[in-house]
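Asks: Turn this into a structure:
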Amino acid sequence: MRTETVSCPLLEWVQTEYGTGNTRFAKAGRRDVAGWMKKHGELIAALASGVFIAAGWLLASFEWKTASIFVFLAAYAIGGYAKAREGVEDTIRNRRLNVELLMILAAIGSAVIGYWMEGALLIFIFALSGALEQYTTDRNRRELSKLMTMKPEEAWLVRDGAERKVAVKALAVGDRVRVKPGERVPVDGIIAEGSTSVDESAITGESLPVGKGPGNEVFAGTVNLRGSVLVEMTKPSTETLFQKIMNLVQNAQEEQPPSQRVLERFEGPYVKAVLAITGALLVVPPFLAGWSWTETFYRAMVFLVVASPCALVASVMPAALAAIATGARRGILFKGGVHLENLARLKAVAFDKTGTLTAGKPAVTDVIVRDDLDEETLLANTVALENHSGHPLAGAIVRFAKARLSGKDGSGMLAAPEAMEDVAGHGVKGVIGGVAWMAGNAAFVGREEADAFADGAAARLAEQGKTLVFVRDGTGIAGLIALKDEIRPEAEEAVRELKRAGLRTVMLTGDRRQTAAAIAGESGIDEFVAECLPETKAGHVAGLKNRWGVVAMVGDGINDAPALASATVGIAMGGGTDVAMETADVVLMKNDLRKIAEAVRLSKRMNRIIRQNIAFSIAVILLLIASNFMQSLSLPLGVIGHEGSTILVILNGLRLLKA
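Replies: Numbering: from 1, shown residues only. Okay, here's the model as predicted:
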């Protein structure tokens with residue numbers, strides 16, 4: 001019977017792509033295993049070393065000494081290779097001695113005097129503590145960077161009425177994308193059509209969904225829960241809030257706390273001192289203390305083990321990384337350990353007002369008009385000016401005026417002012433119908449006239465915590481518009497918690513003194529600086545530093561950036577401007593001022609744990625050294641005491657993950 005071979009393109013493609021006999025899947029499996037081995041290689045080597053030590057101990061128990069030595073040598077090689085290579089490479093690269101070299105020398109010295117098992121045990125515990133420290137680092141990095149898996153790589157681009165899937169990086173600002181229920185939002189943008197609720201916990205840590213509709217902002221990485229929405233992209237994929245968070249995370253991981261830098265500078269000279277003392281111990285005791293040469297060499301090796309600063313070196317970074325991870329999980333992003341450490345030393349906290357202590361969404365409450373004008377004329381001309389200003393107060397006035405004038409003539413609203421000028425921090429002015437009009441603060445329009453207008457109404461309104469905008473025409477003060485920006489619901493509690501922690505609270509605002517006093521009274525602020533121009537905020541922060549030493553500044557706007565940079569610790573609101581977030585050292589992703597006190601508590605706890613670690617490490621080293629000189633410490637106990645303290649220090653730092 002003759003068999004014909006039939007060509008099947010689909011079958012050929014499957015065999016090419018996936019291989020015959022599941023070879024493709026086998027290769028994928030091997031890659032997974034190789035990746036797992038690489039990720040956990042240090043731990044695997046340590047455990048394998050422990051198995052060889054146990055086997056060597058059994059062989060030695062049956063008097064098979066030669067065989068046990070070979071098994072112990074295998075334990076040395078497997079457990080010590082990674083640390084030995086790390087120590088040698090670090091010494092060559094940085095031209096300084098390190099702890100790893102001390103441990104390898106101590107293990108070799110133990111073998112030389114016949115303590116094979118003790119030397120192997122030293123290698124095993126040292127490798128195990130190193131694996132634990134690596135686990136700590138990896139755990140913290142996972143806590144901080146797990147958002148990377150939440151970033152969509154593709155999006156449904158809507159163009160000319162058709163939808164097609166494209167790579168997110170191929171999108172441009174202005175493109176519109178469809179986000180369906182259950183999908184992650186691929187870009188930062190504004191909802192153009194539809195309404196939904198969004199899970200923003202990946203960005204803010206807030207567990208409750210947030211309702212979104214046309215005009216509301218959405219962020220890449222958040223989850224669209226129920227409605228299909230059309231989102232217009234407003235930022236490139238490289239500049240999304242999600243990407244900024246990842247950049248902050250990476251910077252935080254790379255920057256060492258000051259205490260860690262001090263320990264690293266201390267490590268090199270300390271290792272040299274230990275080696276010098278070890279050298280002296282190899283020669284001096286037989287002549288001064290009458291020790292035998294065997295005892296001398298033994299005690300020198302014990303000293304080499306117990307004097308190594310492994311635990312001391314591991315006292316800071318695991319704790320700092322754990323604290324940074326915990327903060328990120330709770331919506332507090334630290335840009336580095338140095339800022340986390342500084343928070344524990346804070347003496348005063350300065351707040352911007354608008355958008356920080358207050359919600360930043362003022363609303364018009366009062367309109368007072370000069371007797372010879374009507375409200376419609378005043379509002380129409382004011383809108384003509386304020387339409388050209390980007391200030392939050394201007395936007396509130398425009399919204400109010402348009403709503404009030406809806407259905408009326410309002411022709412003045414359409415007037416195009418001539419000679420328009422926006423004077424930052426003061427107001428706007430222009431010529432309307434041949435008449436010069438101005439809208440701004442009292443100093444801008446004339447303080448004396450502003451204070452006297454409407455029988456001093458400004459003072460009464462300011463005492464109620466309202467912000468005042470004066471309008472002036474060619475005749476004089478034409479009217480007064482009062483706005484109120486309500487303080488954040490959590491502001492009073494946040495200030496109270498900071499004061500309970502012993503911190504001085506200060507508010508910096510450009511508002512009049514009466515308005516500032518009212519807001520300070522509502523929020524419980526200790527002191528305030530009123531009529532503070534943007535360019536003078538940094539100077540006021542510098543003055544606070546002279547008074548108190550360590551000062552934090554909390555702000556959200558572009559005009560807060562110099563003050564944020566001047567403070568010991570700059571704290572930005574997550575809903576603020578990009579400039580503020582980039583300038584600050586800490587970002588509150590939930591815009592929750594209570595997180596400041598929480599960050600301070602976390603910082604104090606971290607510093608307390610670091611101090612515990614350092615004190616414990618030094619105490620153990622001194623105790624073990626003293627016991628060695630008293631000839632009451634055996635090498636196995638020295639190994640367990642020294643390396644055990646390292647493991648305890650790392651575990652103590654890990655407690656911050658549960659803070």
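
Asks: When you work out contacts or count neighbours from here on, use the C-alpha atoms and nothing else.
Replies: Noted.

Asks: Go ahead and report the secondary structure state at Thr505.
Replies: What DSSP: H, G, I helix; E, B strand; the rest coil gives for Thr505 is strand.

Asks: my guess is it meets Arg496, correct?
Replies: No. Using Cα atoms under 8 Å, Thr505 is not in contact with Arg496, being 9.4 Å away.

Asks: Would you map the strands across the stretch 101-250 of the chain?
Replies: 154-159, 162-167, 176-179, 189-193, 196-199, 210-212, 217-218, 223-224, 229-233 (DSSP state E, counting those that start in this stretch).

Asks: lowest-confidence stretch among those?
Replies: Lowest mean pLDDT of the strands of the stretch 101-250 of the chain: strand 210-212, a mean of 82.

Asks: gap between that strand and the chain center?
Replies: When distances are taken as Cα atoms, centre = their mean, to the nearest Å, strand 210-212 is centred 25 Å away from the chain's centroid.

Asks: Equivalent analysis for stretch 394-406, please.
Replies: Taking mean C-alpha positions (Cα atoms, centre = their mean), stretch 394-406 and its chain are 39 Å apart.

Asks: Thr505 and Arg496 - which one has more neighbours?
Replies: Thr505 (22 against 19; other Cα atoms under 10 Å).

Asks: Next, the contact list for the more buried one, please.
Replies: Contacts for Thr505 (Cα atoms under 8 Å, 6 or more residues apart in numbering) come out as Ala348, Val349, Ala350, Phe351, Val495, Leu498, Lys499, Ile525, Asp526, Glu527.

Asks: can you pull the pLDDT of Lys272?
Replies: pLDDT, Lys272: 81.

Asks: In terms of helix, strand or coil, where does it fall?
Replies: Under three-state DSSP, Lys272 falls in the helix class.

Asks: For it, grab the count of nearby residues.
Replies: 15.

Asks: circling back to that earlier point, in CSV: the strands of the stretch 101-250 of the chain, plus distance to Ser389 and mean neighbour count.
Replies: CSV is the format used below for the strands of the stretch 101-250 of the chain (distance: least, Cα to Cα, whole Å; neighbours: other Cα atoms under 10 Å):
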stretch, distance to Ser389, mean neighbour count
strand 154-159, 33, 18
strand 162-167, 37, 12
strand 176-179, 28, 24
strand 189-193, 22, 21
strand 196-199, 32, 20
strand 210-212, 27, 15
strand 217-218, 22, 21
strand 223-224, 34, 24
strand 229-233, 24, 24
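
Asks: coming back round to it: overlap in contacts of Thr505 and Arg496?
Replies: Joint contacts of Thr505 and Arg496 (Cα under 8 Å, 6+ apart) do not exist.

Asks: Tell me which entries of the contacts of Thr505 lie within strands.
Replies: Within the contacts of Thr505, residues falling in strands by DSSP state E are Ala348, Val349, Ala350, Phe351, Glu527.

Asks: Could you tell me which of the residues you listed count as buried?
Replies: Listed as buried from those are Ala348, Val349, Ala350, Phe351, Glu527; burial here means 16 or more other Cα atoms under 10 Å.

Asks: so the first one makes contact with Leu503?
Replies: Spelled out, that is Ala348. Yes. Contact criterion Cα under 8 Å: Ala348 and Leu503 qualify, at 5.0 Å.

Asks: one step back: and the ones in strands among the contacts of Thr505, which is closest to Glu486?
Replies: Comparing those against Glu486 with Cα to Cα places Phe351 closest, at 15.2 Å.

Asks: Now for the closest one: which residues touch it?
Replies: Leu357, Thr505, Val506, Met507, Leu508, Met553, Val554, Gly555.

Asks: Got the phi and psi for the last one?
Replies: The reference is to Gly555. Phi and psi for Gly555, reported as degrees, to the nearest 10, are phi -150, psi 180.

Asks: Next, count neighbours for it.
Replies: 31.

Asks: So it versus Ala542, what's the distance?
Replies: From Gly555 over to Ala542 the distance is 15 Å, taken as Cα to Cα, to the nearest Å.

Asks: Over to the third one?
Replies: With distances defined as Cα to Cα, the gap from Val506 to Ala542 amounts to 13 Å.

Asks: higher neighbour count, those two?
Replies: The residue with more neighbours, out of Val506 and Ala542, is Val506; 22 against 18, by other Cα under 10 Å.

Asks: For the stretch 351-500 of the chain, give me the ranges with low pLDDT.
Replies: Per-residue confidence for the stretch 351-500 of the chain (pLDDT under 70) gives these ranges: 390, 407-415, 424-425.

Asks: As a check, name the ranges of all strands in it.
Replies: Using DSSP E, counting those that start in this stretch, strands in the stretch 351-500 of the chain cover 363-369, 418-423, 427-432, 435-440, 467-472, 477-484.

Asks: got those strands as TSV, with mean neighbour count and distance to Gly456 columns?
Replies: Shown next, in TSV, are the strands of the stretch 351-500 of the chain (neighbours: other Cα atoms under 10 Å; distance: least, Cα to Cα, whole Å):
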stretch	mean neighbour count	distance to Gly456
strand 363-369	17	11
strand 418-423	15	25
strand 427-432	23	21
strand 435-440	23	17
strand 467-472	26	12
strand 477-484	23	11
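
Asks: Can you list phi and psi of the residue sitting nearest the centre point of the chain for me?
Replies: Centroid-nearest residue in the chain, with Cα atoms, centre = their mean: Leu333, separated by 2.3 Å. Leu333 adopts backbone torsions of phi -100, psi 120, taken as degrees, to the nearest 10.

Asks: Let me see the contact set for Val435.
Replies: Each residue near Val435 by Cα under 8 Å, 6+ apart is listed here: Asp473, Gly474.

Asks: any idea how far it lies from Ser49?
Replies: Taking Cα to Cα, one finds Val435 at 90 Å from Ser49.

Asks: Please identify which of the ones in strands among the contacts of Thr505 is nearest to Asn591.
Replies: Nearest to Asn591 among those: Phe351, at 13.2 Å, using Cα to Cα.

Asks: Look up the residues forming beta bridges with that closest one.
Replies: With DSSP bridges as the criterion, Phe351 is bridged to Met507, Val554.

Asks: With Ala491 as the reference, measure out to it.
Replies: In terms of Cα to Cα, Phe351 sits 11 Å off from Ala491.

Asks: And Arg265, by the same measure?
Replies: With Cα to Cα as the criterion, Arg265 and Ala491 are 42 Å apart.

Asks: What of Arg93?
Replies: Taken as Cα to Cα, the span from Arg93 to Ala491 is 51 Å.
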